[in-house]
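What would the 3D arrangement of this be:
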Amino acid sequence: MTSDKFNRRDILRRGGAAGVGLWAASQGLPVFAQEKPEAELPQGSAGKLTVIHRTEYFEAAQNLFRDAVAKFAAANNAQLDISTTNPEAFGDFLGKMSAAVRAGNPPDLAYTSTVSIPQMHLLGLLEDVNDVVEDAISRYGNVMQGINAESIGKIDGRWVAVPFIANTTGAFFRKDKLAEKGIDPATLQTWEQRREAALAISDPANGFYGWGLTVNQSGDGWGVATSILNAFGGHFTDETGIKVKFDSPETVAAFEFVRETYDRNGKYAAMLPPGVESWGDISNNEAWLAGSTGYTHNQYSLYAAAKRDNNPVFANTVMLPQPTANNGDHRNGGAVGGWLTIFKGAPNVELSKKLALELLDPVNFTPMSTVAGGLFMPAYQSLWTEELLAADPNYAIIKEQVDTQDPFIGASWPAPPAAQIDAIRAQGVLEQSMGNVISGRMTSQEAVTDAHNKIVQIFEEGGIL
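Modelled structure (predicted):
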């Protein structure tokens, strides 16, 4: 079978590298959490290096990134067009990139974060960058095992995106509040144990709430929702990634945990901040930095901001591993925090490959990483230099997390990461179903069955089932 004759089902069976999410994105199906229309993408052209990148939490790191790109363009006598974009799973980045590639004028290179690499691959948006990654590995060592990069960005044995940043989600507790109650953070392994601790440290009369977590539609909400789902043994599909297995007693048990946790009339009501059910990605940052919550999951932006601003909560923050599954299995592992991608038909492919390697050069990368407070960590072993590790004592903790030798695969478990899981995320099926339980619109079983049927429908419309 030749590659140009693959259909979606064929590619899915060959390793879960594609899926209905691509079809959904190309067909303009509704997505969630877009607060405003996104700007048009710049058009690529010969002789002009066109680069798009995500907005960094730390302006200093973003400026260093842009400076490195500008210096590279000048050294190579290329005109530069560099701009920011919003390549989120629930944005319209894929649709716009599809149109740009079809029109023959895509940007050259992008630095993206949560946009699906498998989705972009099946849509035919990506140039092969196997030579770039192999060169990077020869220079800087193997890609960090804990970030599952090969499962995401290496398709049919070849890299289609360049791992750029290794990142992970932090689990943060207020250690001072735990100490007041005589709770040892090391004993807080499971979701149930952490929920009880969050309740114990809550003091709503004085505006302090133990539970700073949401399952609302957002990046952080997706992470919390899938973590709870998987901890109870629930999952979207079987090992193949193409048979929906969502409706199960384990999933119902996870939903019951969510229902109990967010019941405003129940046992845990005192630990719930006002409005937590509708929080977005910024909300838990703000609540934590304001000193009003005791436990949350977040990217290291939360930690970095507290450190940058000399916030009193910084010294009282303890970082914990991800909650274990109920059966005791670990859930440690990272996620690639950023990819470099070169687009199919880009006018400056070879120059873009050189730029990717230039950005990975420690002369450029280490300064960006040093100032970014844990948000911009290396994806390659040798880039974890002594200079970088000395910049912050907790960088060693992040390194340990992204170097896990047997990392948990993430939300696609027990299947490999795949575009059909990204499609579920983009459609907000899991978070919306949990919202139905929290609001009382459905029982846990009704919400699970409803979500299962929606996932099946997505798979059927994409030609998987």
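
which regions of the stretch 301-450 of the chain lie under the pLDDT threshold?
334-336 (pLDDT under 70).

Mark out where each domain of this protein begins and ends.
3-168+334-402, 170-320 (automatic domain parsing).

Which one, of these, ends up nearest to Thr449?
domain 170-320 (5.5 Å; C-beta to C-beta). For every residue, glycine as well, the C-beta is placed using N, CA and C.

Can you pull out the residues in contact with the strand ranked longest in the chain?
When the chain is parsed with DSSP state E, its longest strand is strand 335-342. When contacts are defined by C-beta atoms under 8 Å, 6 or more residues apart in numbering, strand 335-342 is touched by residues 54, 108-113, 117, 120, 125-127, 129, 147-149, 152-153, 160-169, 299, 349, 352-353, 356, 359, 375-377, 379, 410.

what's the next secondary structure element after the helix or strand harbouring Tyr111?
Per DSSP states H and E: Tyr111 is located in strand 109-112. Counting by DSSP H and E, the element after strand 109-112 in chain order, helix or strand, is helix 117-122.

quick revisit: what strands line up against the longest strand of the chain, and which way round?
strand 109-112 (antiparallel), strand 162-167 (antiparallel) (DSSP bridges).

chain center to the longest one: distance?
If you compare the mean C-alpha spot of strand 162-167 with that of the full chain, they lie 12 Å apart, counting by C-alpha atoms, centre = their mean, to the nearest Å.

ditto for stretch 190-197
That offset, for stretch 190-197, works out to 24 Å (C-alpha atoms, centre = their mean).

Mind listing what's buried along it?
Neighbour counts over stretch 190-197 (16 or more other C-beta atoms under 10 Å) mark Trp191, Arg194, Arg195, Glu196, Ala197 as buried.

Show the contacting residues for the second one.
When contacts are counted by C-beta under 8 Å, 6+ apart, Arg194 is found next to Phe173, Leu188, Tyr295, Pro323.

Out of those, which comes closest to Gly47?
Nearest to Gly47 among those, with distances taken as C-beta to C-beta, is Pro323, at 51.9 Å.

Now the residue nearest to the closest one when sequence neighbours are not counted, what are its backbone angles?
Leaving aside its sequence neighbours, Pro323 sits nearest to Trp191 (C-beta to C-beta, 6 or more residues apart in numbering; 4.8 Å). With angles defined as degrees, to the nearest 10, Trp191 sits at phi -60, psi -40.

Over to His330?
Torsion angles, degrees, to the nearest 10, at His330: phi -80, psi 160.

do the same with Arg158
When read as degrees, to the nearest 10, the backbone of Arg158 gives phi -130, psi 140.

thought it was touching Val132?
No - with contact defined as C-beta atoms under 8 Å, Arg158 does not count as touching Val132 (11.1 Å).

Of all the residues in stretch 364-373, which ones are buried?
Asn364, Phe365, Thr366, Pro367, Met368, Ser369, Thr370, Val371, Ala372, Gly373.

residues in contact with it?
So stretch 364-373 is contacted by 56-58, 60-61, 64-65, 68, 300-301, 303-305, 307-308, 358-359, 376-378, 383, 385, 387-388, 391-392 (C-beta under 8 Å, 6+ apart).

one step back: neighbour-wise, which of Arg158 and Val132 wins?
More neighbours surround Val132 than the other of Arg158 and Val132, with 22 against 13 (other C-beta atoms under 10 Å).

I'd say the more buried one and Pro163 touch.
No - the pair Val132 / Pro163 is not scored as a contact, 10.2 Å apart, by C-beta under 8 Å.

For Glu387, which non-adjacent residue is closest in space?
Thr366 (6.1 Å).

what about the one you found, which helix or strand?
Secondary structure (DSSP H and E) places Thr366 in helix 362-371.

what angle sits between that helix and strand 162-167?
In terms of direction (axes from the mean of the first three to the mean of the last three C-alpha atoms, to 10 degrees), helix 362-371 departs from strand 162-167 by 30 degrees.

Run me through the strand neighbours of the next helix or strand after helix 362-371, direction for each.
On the C-terminal side of helix 362-371, the nearest following helix or strand under DSSP H and E is strand 377-378. Here strand 377-378 has these sheet partners by DSSP bridges: strand 162-167 (antiparallel).

quick one on the thing from earlier: compare the domains of the chain and give me the one nearest Met442.
domain 170-320 (9.3 Å).

distance between the ends of that closest one?
Start-to-end span of domain 170-320 (C-alpha to C-alpha, to the nearest Å) is 7 Å.

Also stretch 323-337?
20 Å.

Okay, and which of the buried residues of stretch 190-197 map to helices?
Trp191, Arg194, Arg195, Glu196, Ala197 (DSSP state H).

Mind giving me the PyMOL command for buried ones among the contacts of stretch 364-373?
In PyMOL, a selection of the buried entries from the contacts of stretch 364-373 looks like this (16+ other C-beta under 10 Å):
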select buried, resi 56+57+58+61+64+65+68+300+301+303+304+305+307+358+359+376+377+378+383+388+391+392
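
just checking, Gly241 touches Gln420?
Yes - between Gly241 and Gln420 there is a contact under C-beta under 8 Å: 6.4 Å.

For these two, work out which one has more neighbours and name it.
Higher neighbour count among Gly241 and Gln420: Gln420, with 31 against 26, using other C-beta under 10 Å.

That one against Gly462, yeah?
Yes - Gln420 lies in contact with Gly462 (C-beta under 8 Å); the separation is 7.1 Å.

For Ala161, see how far away Asp81 is.
21 Å (C-beta to C-beta, to the nearest Å).

Between the two, tell me which one has more neighbours.
Ala161 (29 against 17).

Model confidence score at Asp135, please.
The per-residue pLDDT reported for Asp135 equals 98.

Contact partners for it?
Applying C-beta under 8 Å, 6+ apart, the residues near Asp135 are Leu357.

what about it, helix or strand, and which?
Counting by DSSP H and E, Asp135 is part of helix 130-140.

Return the distance of that helix from the chain's centre.
24 Å.

now stretch 147-165
15 Å.

From Leu289, how far off is Lys307?
On the measure of C-beta to C-beta, Lys307 and Leu289 end up 11 Å apart.

So the most far-flung residue of the chain relative to its centre: helix, strand or coil?
Distance from the C-alpha centroid of the chain peaks at Asn77, with 35.6 Å (C-alpha atoms, centre = their mean). Recorded secondary structure, Asn77: coil (DSSP: H, G, I helix; E, B strand; the rest coil).

What values do phi and psi take at it?
According to degrees, to the nearest 10, Asn77 has phi 50, psi 40.

In terms of pLDDT, where does it sit?
pLDDT at Asn77 comes out at 95.

any residues in contact with both of Lys307 and Leu289?
Going by C-beta under 8 Å, 6+ apart, no residue sits against Lys307 while also sitting against Leu289.

all strands of this structure, in order?
Residue ranges of the strands in the chain, as given by DSSP E, are 48-53, 79-84, 109-112, 154-155, 158-159, 162-167, 170-174, 209-211, 293-298, 317-320, 335-342, 377-378.

Can you point out the buried residues in the second one?
It stands for strand 79-84. Leu80, Asp81, Ile82.

before we move on, what about stretch 134-141?
In stretch 134-141, counting by 16+ other C-beta under 10 Å, buried: Asp135, Ala136, Ile137, Tyr140.
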